[in-house]
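*Asks:* The following block contains a protein sequence and its predicted model.
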Amino acid sequence: MAKNGKLNNGDWRKATGKIDYCMTNDYMFRMVLQSNNTVLKGLISSMMHVALNDIENVEIVNPIELGKHIDDKDFILDVKVMLNDNTIINLEMQVTNYNNWTNRSLSYLCRAFDNVQKGEDYNSAIPVTHIGFLDYDLFPKELEFYSKYMLRNVKSGKIYNDKFCLCVLSLNQIKLATKEDKKWHIDEWARLFKATTWEELKMIAEKDQVYSEAANSIYLQNSDETVRAMCEARQEAIFHEQYVQKQLKELKEARDEAIFHEQYVQKQLKELKEDREEAILNEQHMQKQLNEKDALIAKLQAEIDSLKKKEE
């Protein structure tokens, strides 16, 4: 049953209003890709820059059981895909910035790259790519829509190993899509993922059959009560985590402000101490000068008294 939007008679083309659970929900993201190989194939084609005709098969090698309880401690919603039986691709949707993406994605990539069986030559390692779909800016000072990272020599730029690759799609930077990105329709996929109403989704679906397939899958998954329950659980978990992250940020800002204030107070106390010590030194110096003057006066007085006695 729809919460905000309206689902009509099993036909996504007649649905209106808000999409309850769009593709930025990581459970919806996984279920759509797991339930529709055409959509999965189309997405892989765009993200990997591989022509559809060159894709013989794509298979999710870590499917999940519909409705299985999700425990964040041991249940990950990344989608591990085998392309043409010779390339591993890890897909992950992430809308909350936990400030650990670079380490997290690298950890996933390394695990996937460790695919050489015992006794086999290391040259038999299957190429791996980790693609993160992030609804936030990974590097705010270096904004980019679709970025690719590889191991390179820091001086010459020579690639160390072309079987090891990290990609990041910033869903909120579609405006920065390059000609290459648009050639492979990566910008359209980003719009599809970000679509929050059926009207938006229909406009995208009109452009290509694969987007129409995606829209239909999103509709079917939104119509499934079990999927909806899991999506809602994920959404609540995300909202809670975002709240926790916000609280932690505010606590950190308060702590930083307290530290800054303490440093300011300590600086002021140090300056006061230095001023006091300088004042004491000045006072001691002045007292020394006064003592010297008193001694000189006493000496002169003694000499005057001595002269008076001689005159008498």
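*Replies:* Alright, I've got the coordinates.

*Asks:* drop to CA atoms for contacts and neighbour counts, all remaining ones
*Replies:* OK.

*Asks:* What is the burial count for residue 183?
*Replies:* Around residue 183 there are 12 other residues, counting by other CA atoms under 10 Å.

*Asks:* pLDDT weak spots in the protein?
*Replies:* Low-confidence segments of the chain, defined by pLDDT under 70, are located at 1-9, 67-76, 312.

*Asks:* which stretches of it form strands?
*Replies:* Taking DSSP state E as the criterion, the chain carries its strands at 58-60, 79-83, 87-94, 128-134, 146-150, 164-170.

*Asks:* Out of those strands, which is the most enclosed?
*Replies:* Sort the strands of the chain by mean neighbour count, taking mean count of other CA atoms under 10 Å, and strand 128-134 sits at the top with a mean of 24.

*Asks:* Outside of that one itself, list whatever touches it.
*Replies:* 87-95, 105, 108-109, 112-113, 163-171 (CA atoms under 8 Å, 6 or more residues apart in numbering).

*Asks:* Switch the strands of the chain over to TSV; also include distance to residue 237.
*Replies:* Below are the strands of the chain laid out as TSV (distance: least, CA to CA, whole Å):
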stretch	distance to residue 237
strand 58-60	25
strand 79-83	19
strand 87-94	13
strand 128-134	17
strand 146-150	27
strand 164-170	22
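
*Asks:* Nearest to residue 228, out of these?
*Replies:* With CA to CA as the measure, strand 87-94 is the member of those nearest residue 228 (17.4 Å).

*Asks:* how far does that closest one sit from the chain's center?
*Replies:* Centroid displacement of strand 87-94 relative to its chain, using CA atoms, centre = their mean, to the nearest Å, is 15 Å.

*Asks:* Tell me how many other residues crowd residue 143.
*Replies:* For residue 143, the neighbour count with other CA under 10 Å is 13.

*Asks:* Roughly how far does the residue nearest to it when sequence neighbours are not counted sit from residue 233?
*Replies:* Distances taken as CA to CA, 6 or more residues apart in numbering put residue 137 closest to residue 143, at 7.0 Å, once the chain neighbours are dropped. With distances taken as CA to CA, to the nearest Å, residue 137 is found 25 Å from residue 233.

*Asks:* Tell me which of these two has more neighbours.
*Replies:* residue 137 (18 against 15).

*Asks:* Distance check, the more buried one against residue 83.
*Replies:* For residue 137 relative to residue 83 (CA to CA), the value is 28 Å.

*Asks:* which residues in the stretch 51-200 of the chain form helices?
*Replies:* In the stretch 51-200 of the chain, the helices defined using DSSP state H, counting those that start in this stretch lie at 101-113, 179-183, 186-194, 198-205.

*Asks:* Need the phi and psi values for residue 20.
*Replies:* As for residue 20, its main-chain torsions (degrees, to the nearest 10) stand at phi -60, psi -50.

*Asks:* Could you tell me how many residues sit around it?
*Replies:* When counting by other CA under 10 Å, one arrives at 20 neighbours for residue 20.

*Asks:* Please look at it and residue 222 and confirm they touch.
*Replies:* Yes: Residue 20 is in contact with residue 222 according to CA atoms under 8 Å; the separation is 7.2 Å.

*Asks:* Next up, phi/psi of residue 137, please.
*Replies:* For residue 137, the backbone dihedrals (degrees, to the nearest 10) come out as phi -90, psi 120.

*Asks:* quick one: it and residue 94, what's the gap?
*Replies:* 11 Å.

*Asks:* hang on, the earlier thing: out of the helices of the stretch 51-200 of the chain, which comes closest to residue 256?
*Replies:* Among the helices of the stretch 51-200 of the chain, helix 101-113 comes nearest to residue 256, with 23.6 Å by CA to CA.

*Asks:* Return the list of helices and strands in contact with the closest one.
*Replies:* In terms of contacts (3 or more CA pairs under 8 Å, 6 or more residues apart in numbering; DSSP states H and E), helix 101-113 is packed against strand 128-134, strand 164-170.

*Asks:* Okay, the residue nearest to residue 143 and residue 219: tell me how far apart.
*Replies:* Residue 137 is 29 Å from residue 219, by CA to CA.

*Asks:* and residue 301, which of the strands of the chain is closest to it?
*Replies:* Per CA to CA, nearest to residue 301 of the strands of the chain: strand 146-150, 91.1 Å.

*Asks:* and the angle from the closest one to helix 186-194?
*Replies:* Compare the direction of strand 146-150 with that of helix 186-194 by axes from the mean of the first three to the mean of the last three CA atoms, to 10 degrees and you get 110 degrees.
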